[in-house]
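Trainee: when you get a sec, could you give me coordinates for this:
(chains A and B)
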Amino acid sequence: MTQTRNPGDVVFEARDLKIGAIQHDGSEIRIVKGVDFQVRRGEVVALIGESGSGKTTISLSALGYAKPGLSFTGGEAMLLGRDVTKMTTDELRPLRGISVAYLAQSAAATFNPSIKINEQVTEAPVLHGTKTQEEANAKALDLYRALELPNPDTIGDRYPHQVSGGQLQRLMAAMALCGDPELLVLDEPTTALDVTTQIEVLKAFKQVIKEEGAAAIYVTHDLAVVAQIADRIVVLYNGEIKESGPVDRIINNPVHPYTKRLMAAIRPMPEAGQGEDSSDEHLRDAPALQAIAIDAGYGARDSNGKPAVPILRDVNVAIERGKTVGIIGESGCGKSTLARVFAGLLPAYGGEIHLDGERLSADLAGRTRAQLQKVQFVYQMADTALNPRQRIRDILGRPIDFYGTAAGMTRRQRVDYLLDLVELPQQFADRYPHELSGGQKQRVNLARALAADPEVVLCDEVTSALDTIVGANVIDLLNRLQRETGVSFVFISHDLSTVSSFADEVVVLYAGMVAEQGPTDRVLSPPFHPYTRLLVSSVPEPRVGWLEEAAQTREAKAGASGGVKLTEKGCPFFERCPLAIPGTCDEVDPPKLDDGNGHIIDCHRPIAELSVSG
Amino acid sequence: MTSSDTPVGAHPDMLGGIPDPEDTDYFVAPYDEGVSFDELPDSAPKERFRLSLTGWIGALIVTFWVLIALFGPFIAPWGENDLPFPDDYSEFQTPRAGAWLGTDVEDRDILSRIVYGAGRTIGISFAATVLAYVLGVVLGIGAAVSGPKVDMVMSRINDAFLSLPTIMLGLVVVAAVGSSIPVLICTAGLIYATVVFRLARALGQEIMVMDFVEAAKARGEGRWWIITREIWPNAAMPLITDFGLRLIYVILFISSLSFLGLGVQPPQADWGSMVRENLGALQYGESIIPVLAPAFAIATLTVAINLVVDDVSAQAGGRLSKRL
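Mentor: So this is what the prediction gives:
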């Protein structure tokens, strides 16, 4: 292997690459329909498209790998001048991990939980004999520093579960780069991360790719992320290239209608003044669903009834009739726990849940069937939320029978009506869930909740597992359903832009406590809780250069460190807060500052200080 | 990249997938305005289940033995204990007209005894496996949906039984109660129910934590609905596959007991006991077919079942084979 690396060399080239599944009868279902693109040294090429567009399949071809059931049926995939599609596994083995490295979406699934991190990071070059263990260790240490990992000298001695998700994602990058690969294949490496973590990881990736002079293929469905990291974009739809070119040209001047549609599906952050400013009128009625001073957690309870792992502390949320309340926060902040407390799946150990002004039993067993009917839960993953052995007709029909909500219709008519409501064809009733696409399954998931004719629907990250366009369609559907049926939604998401485009009110949760709540446009404009400011500034914008600007702000620097943990007393954001007052914030629970119109910030700093921008 | 005043897409000349002459890096596919881009399906349509060549061979052999087991007594050339050559007193005769596989230690026709033994070996094993499944699945899924305390008690009792060596346990029980076909079926059934219990409980627990089960609970469904409508349909397929595998173990278990003299009792024929009866042929018989033929029958049946099960579990996506 020659080690002369000139910038601009073509590292990887797909020439009329075709990949398909060969059926038993010899016919071919083509997944990738002849794509051409080049990756040059020092360049990041983004493959962007929905699931099913073939982007992952194409990226794996750089490793000479076709997923089980698929095979290369035409064209060439040239890695360093050699066609990897025609090579045997034995010929490919020396290339993989050394010439080309792969970064999967989930670092947690990539690392072996029982082997120390450094051993796994250095494994490939040592195994291939291109580096001694000492050289590999030195290289790994350089990479830990370059990736801005905390305690670079000792982090390699830890086990994977002892570091955070964002750190593990960066360690996976170190693992891929340790063998000095010519080409890096990154498959949605930040999709599963929170926005505040995503910034750090993107920044580290971008820097280290430049420093190492590697070439990279970056697979994602998120245009805003692509704008930060890619040099060139390849837009894929249904196994074909629709548009490809330099990143600023594609982002600023998209030509193909599909690219335009991808751009349109990105929801911009609403400006202040947008949305409905809820005044006092809704305070007359009792809220549809209300949480009063909820404490909840998991695990065995001690003698005081307190669980081993408390998650929520003193949470107060009211959901008005016909309104949508968005609940946002990072993973682990207790968003889903709150929804499960509302649904009765996790009994709270303190506080009360009220439905239409009446107190609800904390657990499922104590609730009447009529009460259960009024609060419905929609799960994040439609794949696991729908029984794979039941037809759609039975999935939707059961709540109708169970609660008696046919409303004068036959069960069949009611199922048809529900399918119409979520914009699915009626013949889908006779299908099984696996015969539907992800977005269609999520619609069935919603329809099942609506079949109960509920007052409140709890939506737990219902768009997170969907592509941008499909997710945007589901949000549009939710908006329409609310207008037509008057149902209230609790919309839980870690995606601030999705929540803000749709919710009437927003509740910002941090480490199990409410940081800020109020009408959407008021929460998303100053005065901010310091954590809300961090969240708002972390949402990537689809323009080139945003990442560099955001990284300079005080918020991003503050966000990069510290853990997320529910504290016994004081403000849980204390460790990361740039405005923290030692001795006060970590000792005393923050007061609720009322900014008017139901906008409440839990902070020790006066509102005037929180209004200062920057 | 060069900047141009006219947007590239607006130029009609550009709508043919022709790269920008000033920018070889740029490409746009031909398109029509107003074309909708449908949501793409998640994955390629799954192919229908098909047996591979080895699967077909296995299925053929299994079918052959099942037919022999069912209709054997009608087609066997001789009765189970008939003597084809009543005037010839020499044992272990070599194959000849009238006794195509020769004769055994008592001068009986090997072929006919294999045919009669098929029904007994397969019948007893099948009945025992069914018993093991009824007990194991009901208790296993029951334990999975019950609270942690009930589950704990049932699982520890089960573990205690699992820790006993199967053949030893079988020997003790049969020696104590005496050997008869119902005792054999019950013993094998109870012993293998412990293994099925483990599998059914693990499957049940795996499915119990799925969101659709929680959704049913949140709806207010009772335990019976959750077991019969949500858990069972999803556990059935892996359990049916395991049934085939379990049947092999039971066949070998019953044959081992018979070989040790505690299984099917003479003069009734069964493959395991045939091997034992005719062991003498290895030392002073004219042919070794009397030992090889029943051993060969056991081997072909178990290997054939394995071939079919392998095929089914491989096509079920490998998840199954990991669990077994």
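
Trainee: dump stretch A:173-189 to CSV, restricted to CA.
Mentor: Taking C-alpha atoms only, stretch A:173-189 is exported to CSV below (Å, rounded to 0.1, in the frame of the first residue of the first chain):
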residue,chain,number,x,y,z
ALA,A,173,-15.0,8.0,15.4
ALA,A,174,-11.6,7.4,17.1
MET,A,175,-12.0,3.7,16.5
ALA,A,176,-12.7,4.2,12.8
LEU,A,177,-9.8,6.7,12.4
CYS,A,178,-7.2,4.8,14.4
GLY,A,179,-6.1,2.8,11.4
ASP,A,180,-5.6,5.9,9.3
PRO,A,181,-8.3,4.9,6.8
GLU,A,182,-8.4,6.5,3.3
LEU,A,183,-12.2,6.5,3.4
LEU,A,184,-14.6,6.9,6.3
VAL,A,185,-18.2,5.8,5.9
LEU,A,186,-20.5,7.5,8.5
ASP,A,187,-24.1,6.2,8.6
GLU,A,188,-26.4,8.7,10.5
PRO,A,189,-23.8,9.1,13.3
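
Trainee: anything in that stretch near chain B?
Mentor: No - using CB under 8 Å from any CB of the partner chain, we find that stretch A:173-189 stays clear of chain B, coming within 15.3 Å at best. Using the backbone N, CA and C atoms, a C-beta is placed for each residue, glycine as well.

Trainee: pLDDT of that stretch, averaged?
Mentor: Stretch A:173-189 carries an average pLDDT of 88.

Trainee: what does stretch B:97-111 give?
Mentor: Here stretch B:97-111 scores 84 as its mean pLDDT.

Trainee: give me the residues contacting it.
Mentor: Residues outside stretch B:97-111 that contact it (CB atoms under 8 Å, 6 or more residues apart in numbering or on different chains): B:76-78, B:80-85, B:88-96, B:113-114, B:267, B:274, B:277-278, B:280-281, B:286-287, B:289-290, B:293.

Trainee: at 6 Å instead, please
Mentor: When contacts are defined by CB atoms under 6 Å, 6 or more residues apart in numbering or on different chains, stretch B:97-111 is touched by residues B:78, B:83-84, B:91, B:93-95, B:277-278, B:280, B:287, B:289-290, B:293.

Trainee: what about chain B, any weak spots by pLDDT?
Mentor: Under the criterion pLDDT under 70, the flagged ranges of chain B are B:1-24, B:34-49, B:315-324.

Trainee: which SSE is immediately downstream of the helix or strand of chain A with the lowest mean pLDDT?
Mentor: Ranked by mean pLDDT, DSSP states H and E, the weakest helix or strand in chain A is helix A:554-559, scoring a mean of 53. Sequence order places strand A:592-594 as the next helix or strand after helix A:554-559, per DSSP states H and E.

Trainee: who's in contact with the helix or strand following that following strand?
Mentor: Where DSSP H and E defines the elements, the next helix or strand beyond strand A:592-594 is strand A:600-602. Residues outside strand A:600-602 that contact it (CB under 6 Å, 6+ apart): A:Ala515, A:Glu516, A:Gln517, A:His529, A:Pro590, A:Lys592, A:Leu593, A:Asp594.

Trainee: what's the PyMOL syntax to select whichever of those residues are buried?
Mentor: Selecting only the buried entries of the contacts of strand A:600-602 in PyMOL, with 16 or more other CB atoms under 10 Å in any protein chain shown as the criterion:
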select buried, chain A and resi 515+516+517+529+590+593
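
Trainee: run through the contacts of strand A:600-602 and flag the ones next to chain B.
Mentor: Among these, proximity to chain B is found for none (CB under 6 Å from any CB of the partner chain).

Trainee: which of the contacts of strand A:600-602 sits closest to chain B?
Mentor: Nearest to chain B among the contacts of strand A:600-602 is A:Gln517, at 25.6 Å by CB to the nearest CB.

Trainee: mind listing what's buried along the strand or helix carrying B:Asp242?
Mentor: Using DSSP H and E, B:Asp242 falls within helix B:232-259. Neighbour-count burial for helix B:232-259, with 16+ other CB under 10 Å as criterion, is recorded at B:232, B:234-235, B:238-239, B:241-259.

Trainee: quick check: PyMOL command selecting the buried ones in the contacts of stretch B:97-111.
Mentor: In PyMOL, a selection of the buried entries from the contacts of stretch B:97-111 looks like this (16+ other CB under 10 Å):
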select buried, chain B and resi 78+83+84+91+93+277+278+287+289+290+293
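
Trainee: measure the residue of the stretch 251-400 of chain A found nearest chain B to A:Gly245 for me?
Mentor: Closest residue of the stretch 251-400 of chain A to chain B, CB to the nearest CB: A:Val255 (3.2 Å). Distance, A:Val255 to A:Gly245, by CB to CB, to the nearest Å: 9 Å.

Trainee: before we move on, what about A:Glu516?
Mentor: Distance, A:Glu516 to A:Gly245, by CB to CB: 41 Å.

Trainee: over to B:Ile110?
Mentor: Taken as CB to CB, the span from B:Ile110 to A:Gly245 is 80 Å.

Trainee: before we move on, back to that, and which of the contacts of stretch B:97-111 is nearest chain A?
Mentor: B:Ala293 (38.0 Å).

Trainee: now that closest one: which helix or strand?
Mentor: helix B:289-315.
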